[in-house]
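Novice: sequence and predicted structure are below.
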Amino acid sequence: MFLTEIKVIEIVDLVGRYTADVIGNCAFGLNCNSLQNPNADFVTFGKRAVHERPYGGLLDFLLFGFPNLSRRLRLKFNVQEVEDFYFRIVRETVDYRLKNKEKRNDLMDSLIEMYKKEQAGNTEDGLTFNEVVAQAFLFFVAGFETSSTTIGFALYEMARNQDVQNKVREEINNVLGKHNNEFTYEGIKEMKYLEQVVMETLRKYPVLAHLTRMTGSDYSPEDPKSFIAKGTIVVIPILGIHNDPEIYPDPEKFNPDRFTDEAIAARPSCTWLPFGEGPRHCIGLRFALMQACVGLAHLIRGYKFRFAPQTEQKINFALESVLMSAKNGIHLHVEKI
């Protein structure tokens, strides 16, 4: 990832192009070249997939509140043009790989193997083409803007807290020095403090402010007022839990030391929920953390981030968005080291 000599940049747009390139390569096997071309289709349609939905909030209310009715009414989460784009991309990728017997050992290879099983009559272990498209699309949407907003908020907090930024940079340089100055999987995993920064960012700015789950059995505590019947939709207030001072003292303070191994072990379970918890937690947890850490390691190693006159002292959130994001973007002063 390279930055020019621009003094102040809107950081979320930049890292959004980075995450589009990563997801496009890992999920679809495509070189999107979004960093060099900010108007690349993958970025444009990725933003539309997240933000542009027919009927807006009313559609969200129907899809999540009345899923069975939504299926009967054949309601769609995305506009037709976005759907057509991803169908075309997946169809071309699948056809090309099957024709040329190309293997990339990525997500698409796994989906194609399951598609071949379905085509051979194994409907139990296989996937239809529509299901292949759905899985690839979900992987992209779940990892595109979620990761870019997380990286953006992390840079915002490190610009505010220069001591944290300096400590991260020192750790990055020390680890790279042990790995011939090359970015490796093992090296990134050694950057414990960097991961703590990402985890604290997700504590303070969870991508989703709440989760919804359906109970699989009756919940019968001693107090009958708290009884929850099987099949009930439960809303879990992630943002509220993450800002509970009894769990995280002084919750407004950005403190990566909340996520040392000792600090995590001292807290009750299910108090850090950016990826959910239990059997329904996000399967992309490790991928998302790695993607964020790699992007931040490259940026912090080479550049210093500071507040600029355009930087908001207090983030204004986009209330109309499903995801937790900065309404006016995040503008930071960037200085090459």
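Specialist: Good, I have the coordinates. Numbers count the residues shown, from 1 in each chain.

Novice: show me where the chain has its helices.
Specialist: In the chain, the segments counted as helices under DSSP state H are 11-28, 41-51, 57-65, 67-72, 80-100, 107-119, 129-143, 145-160, 162-178, 185-190, 192-204, 238-242, 261-266, 285-302.

Novice: just name the most buried of the ones you listed.
Specialist: helix 145-160 (a mean of 25; mean count of other Cβ atoms under 10 Å). In short, each C-beta sits where N, CA and C put it, glycine included.

Novice: which elements pack onto it?
Specialist: Here helix 145-160 touches helix 11-28, helix 41-51, helix 162-178, helix 192-204, helix 285-302, strand 303-307, strand 331-336, going by 3 or more Cβ pairs under 8 Å, 6 or more residues apart in numbering; DSSP states H and E.

Novice: how about the CA coordinates for it, as CSV?
Specialist: Coordinates of each C-alpha in helix 145-160 appear next as CSV, following Å, rounded to 0.1, in the frame of the first residue of the first chain:
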residue,chain,number,x,y,z
GLU,A,145,-16.5,-2.3,4.7
THR,A,146,-16.4,-4.0,8.1
SER,A,147,-12.6,-4.3,8.0
SER,A,148,-12.0,-0.9,6.4
THR,A,149,-14.0,1.0,9.1
THR,A,150,-12.1,-1.0,11.8
ILE,A,151,-8.8,0.0,10.3
GLY,A,152,-10.0,3.6,10.0
PHE,A,153,-11.1,3.8,13.6
ALA,A,154,-7.8,2.2,14.7
LEU,A,155,-5.8,4.9,12.9
TYR,A,156,-8.1,7.6,14.3
GLU,A,157,-7.4,6.4,17.9
MET,A,158,-3.6,6.0,17.2
ALA,A,159,-3.6,9.6,15.8
ARG,A,160,-5.2,10.7,19.1
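
Novice: averaged pLDDT, that helix. What do you get?
Specialist: Here helix 145-160 scores 94 as its mean pLDDT.

Novice: returning to that earlier point: can you tell me which of the helices of the chain comes nearest to residue 311?
Specialist: If you check each of the helices of the chain against residue 311 by Cβ to Cβ, helix 145-160 wins as the nearest, at 7.2 Å.
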